[in-house]
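[1] coords below, sequence missing:
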């Protein structure tokens, strides 16, 4: 007995020691986390860029001075709430960036806001914290590229220095007032080595002097370039310069080039060719621009032109400068590769287009969904009074079906603008495709053979199953239409691990694990000039009446909102391949079964509903639908009217059913005010906008659910009854 007690005591002592060790470990980890956060807060406090430190749920832990200055939002305790005034839908964007940062350590994305262009970046800061940086357009977009990256000095009369570019200031130091402070031995010997006073003392530099406008001269300093031994025509230094240069006659014919210029233009021999045959895109005849520069008309400034090359797309920033040779005017074209700058500009234009279409789609969706709710709702009420034998039954069904088709069209617009409500879940693509196979077989028809090929160890992804099915159906239907005489459609899934960034089509895919889905066909293919436009809304390669042009734009929007990428490869006459990349996720360990959600009863219900809706047709339908189920309905046409009704403390209300966007106070605002005196009332929010547009506001309201418009009679009554049952069960 004594030994048993001793053993029990030892076990108790050991368990107590383990518990103490775990507790001390947790305290130490918490202290390390607090020290890390304090260090980050101290480091970023005086950063001129707004910085926000959040936890994994998005709650704000710290804002630096710049963030408090640029985002003076009172009461915002999450980053989504802080950005709500700038971004139309911050929740999805933040989730996407945080997911990528959790996997890769950091993520960044350029976004068009209501007030301009910003770059939102996030870095993982410990196990459960993230540091966000919000860069404004002026801070992040590179200034217009210097068309002359060589040291250049503009000199006026009496050798007065009028301008020095950054490269010249880096070479000679502070700006000098006169040329003799820079080049002590005047006059300069153009095309020869001169002594130049630099930061490091006198240094030999090759000096090239060109004639400018209004008596000005452009002087280029080239340190470390030896003087050419032979200068039969005075232009032998051309090939020594590391900048693309062309010498032109007054009519625009190329008379001399250097190696960087030939590489940029993609020609081995450009002499005796008009410049207009190598460059385009000015918006007016190139010869007119050259003639103005040769005559000294107007201000000398650079132009962005497209290089006429067969391979790729190249842009050059070109500046024309006048010079004299043998008593005649010649032009020196200084060029700079501006392809990357034009790519950034194209991305900015595309993001602006996306933002404009998104705002349009959101407004159209709200108004359309209100109309469709009234149409489908009253149609449901009529169907309750007609059975299948009634002569009007089929007509009512047709009205209902066409209203649903209209709702699907609005959903496509929202998908392209990335504003539809998603229900993401971690899923296995093989399961989703297995459920979809029968429908896909029916879509392609008998002339087209469809095959599926899966990686046996395919990773999981996180996506909305219904929306993903729509993407795959759109791609398969397009593949079928590209093969009117029959052919094969192949869907292939595989794992892909990127060790370096994948850059293509102006998109950069960060290193990491991805699931790749390819949809291949043997169809007619897509022309190269059309391939760049296939994801634009309302663009279609089909004949008039055969397509809306929304299928691929819808797929693009859904994939981007999911955090993935979609690309297209095609060759005319050989077929097309669309491939999608989704970030891979580890399937979570199954949790304990959660309590079952109260099911809606099909019988009569009891309870008092306060219905707040500013659209009279929608309010009339919703009121009748709820009364038919047995609810007592109190109606209000505005939030202010609802608060006046609730001033009567003797009135019992069980459920609020309210529109989100209304004139005056919106839905979440008046509900928060009402819950101060009626904290136990549950809420059903309904809106024609996407749920994500106000997800942050809804998250602060306990026991609230969202019902997307248009909704059916059954959707409304079942949702309200579940809320009422949940209140009763609580």
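    Structure received. Just so you know, these numbers come straight off a predicted model, no measurement behind them.
[2] just checking, what packs against the helix or strand containing residue 496?
    Taking DSSP states H and E as the criterion, residue 496 maps to strand 487-498. Helices and strands touching strand 487-498, by 3 or more Cβ pairs under 8 Å, 6 or more residues apart in numbering; DSSP states H and E, are helix 429-444, strand 448-453, helix 465-481, strand 512-521. Every C-beta, even on glycine, is put in place using the N, C-alpha and C of the backbone.
[3] try 10 Å
    Taking 3 or more Cβ pairs under 10 Å, 6 or more residues apart in numbering; DSSP states H and E as the contact definition, the neighbouring helices and strands of strand 487-498 are helix 429-444, strand 448-453, helix 465-481, strand 512-521, strand 575-585.
[4] after the worst-scoring helix or strand of the chain on mean pLDDT, next one along is what?
    The element with the least model confidence among the helices and strands of the chain, by mean pLDDT, DSSP states H and E, is helix 137-140, at a mean of 50. Taking DSSP H and E as the definition, the helix or strand that follows helix 137-140 towards the C-terminus is strand 152-155.
[5] list the buried residues for stretch 199-210?
    203, 205-210 (16 or more other Cβ atoms under 10 Å).
[6] centre of the chain to that stretch, how far?
    Taking the mean C-alpha point of stretch 199-210 and that of its whole chain, the gap between them comes to 47 Å (Cα atoms, centre = their mean, to the nearest Å).
[7] equivalent analysis for stretch 382-390, please.
    Per Cα atoms, centre = their mean, the centroid offset for stretch 382-390 relative to its chain is 48 Å.
[8] can you map out the helices along the stretch 201-350 of the chain?
    Read by DSSP state H, counting those that start in this stretch, the stretch 201-350 of the chain holds these helices, from start to end of the chain: 259-265, 286-295, 339-384.
[9] no, scratch that, I was asking about the stretch 1-150 of the chain
    Read by DSSP H, counting those that start in this stretch, the stretch 1-150 of the chain holds these helices, from start to end of the chain: 2-44, 65-70, 79-83, 90-104, 137-140.
[10] end to end, how far does stretch 132-150 reach?
    Its first and final residues considered, stretch 132-150 spans 37 Å by Cα to Cα, to the nearest Å.
[11] of the helices of the stretch 1-150 of the chain, which shows the lowest average pLDDT?
    Per-stretch mean pLDDT for the helices of the stretch 1-150 of the chain is lowest at helix 137-140 (a mean of 50).
[12] how about residue 67: what's its closest non-neighbour residue?
    Residue nearest to residue 67 in three dimensions, not counting chain neighbours: residue 50, with 3.8 Å by Cβ to Cβ, 6 or more residues apart in numbering.
[13] rewinding a little: pull up the pairing partners for the strand holding residue 496, direction included.
    According to DSSP bridges, the neighbouring strands of strand 487-498, each with its direction, are strand 448-453 (parallel), strand 512-521 (antiparallel).
[14] quick one: which of those strands is nearest residue 464?
    Using Cβ to Cβ as the criterion, the shortest distance between residue 464 and the strands paired with strand 487-498 is 14.9 Å, found for strand 512-521.
[15] state the mean pLDDT of the closest one.
    92.
[16] how about the strands in the stretch 201-350 of the chain?
    Taking DSSP state E, counting those that start in this stretch as the criterion, the stretch 201-350 of the chain carries its strands at 201-211, 217-223, 245-248, 254-257, 279-280, 303-307, 314-325, 328-337.
[17] now the ones you listed as a markdown table including mean pLDDT?
    As requested, those are arranged in a markdown table below (pLDDT from 0 to 100):
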| stretch | mean pLDDT |
| --- | --- |
| strand 201-211 | 77 |
| strand 217-223 | 79 |
| strand 245-248 | 86 |
| strand 254-257 | 87 |
| strand 279-280 | 86 |
| strand 303-307 | 84 |
| strand 314-325 | 81 |
| strand 328-337 | 84 |
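[18] distance to residue 522 added to those strands, as a markdown table?
    Shown next, in a markdown table, are the strands of the stretch 201-350 of the chain (distance: least, Cβ to Cβ, whole Å):
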| stretch | distance to residue 522 |
| --- | --- |
| strand 201-211 | 58 |
| strand 217-223 | 57 |
| strand 245-248 | 47 |
| strand 254-257 | 46 |
| strand 279-280 | 36 |
| strand 303-307 | 34 |
| strand 314-325 | 33 |
| strand 328-337 | 39 |
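[19] closest one to residue 495 among those strands?
    Closest among the strands of the stretch 201-350 of the chain, once you apply Cβ to Cβ, is strand 314-325, at 35.5 Å.
[20] roughly how far out does that closest one sit from the chain middle?
    Using Cα atoms, centre = their mean, the mean C-alpha position of strand 314-325 is found 37 Å from that of the whole chain.
[21] over to stretch 248-268?
    Using Cα atoms, centre = their mean, the mean C-alpha position of stretch 248-268 is found 39 Å from that of the whole chain.
[22] what is the end-to-end distance of it?
    Stretch 248-268 has an end-to-end distance of 17 Å (Cα to Cα).
[23] before we move on, what about stretch 651-662?
    Across stretch 651-662, the straight-line distance between its terminal residues is 24 Å, by Cα to Cα.
[24] hey, what's the nearest residue to residue 522 once chain neighbours are set aside bridged with?
    Closest residue to residue 522 in three dimensions, ignoring its sequence neighbours and counting by Cβ to Cβ, 6+ apart: residue 487, at 4.1 Å. Judged by DSSP bridges, the bridge partners of residue 487 are residue 448.
[25] since we're on residue 487, how many residues are nearby?
    By other Cβ atoms under 10 Å, 18 other residues sit near residue 487.
[26] also residue 504?
    Neighbour number of residue 504 under other Cβ under 10 Å is 10.
[27] what sits against it?
    When contacts are counted by Cβ atoms under 10 Å, 6 or more residues apart in numbering, residue 504 touches 565, 567, 569.
[28] by neighbours, which of the residues you listed wins?
    For the contacts of residue 504, the largest number of neighbours (other Cβ under 10 Å) sits with residue 565, at 21 neighbours.
[29] ok, now how distant is it from residue 383?
    44 Å (Cβ to Cβ, to the nearest Å).
[30] for the residue nearest to residue 243 when sequence neighbours are not counted, what are its contacts?
    On the basis of Cβ to Cβ, 6+ apart, the spatially nearest residue to residue 243 that is not a chain neighbour turns out to be residue 150, at 5.6 Å. For residue 150, the contact set (Cβ under 10 Å, 6+ apart) comprises 165, 167-168, 171, 208, 220-223, 241-243, 245, 334.
[31] how deep is the nearest residue to residue 71 once chain neighbours are set aside tucked in, by neighbour count?
    Computed as Cβ to Cβ, 6+ apart, the closest residue to residue 71 that is not its neighbour in sequence is residue 82, at 5.2 Å. A total of 26 residues lie near residue 82 under the criterion other Cβ under 10 Å.
[32] doesn't residue 76 make contact with residue 82?
    Yes. Proximity of residue 82 to residue 76 meets the contact threshold set by Cβ atoms under 10 Å, at 4.5 Å.
[33] which strand or helix spans residue 426?
    Counting by DSSP H and E, the element that carries residue 426 is strand 425-427.
[34] try residue 672
    Of the helices and strands defined by DSSP H and E, residue 672 is found in helix 667-674.
[35] residues of that helix that come out buried?
    Judged by neighbour count (16+ other Cβ under 10 Å), helix 667-674 contains these buried residues: 667-668, 670-671, 674.
[36] pLDDT on it, on average?
    If you average the pLDDT over helix 667-674, you get 90.
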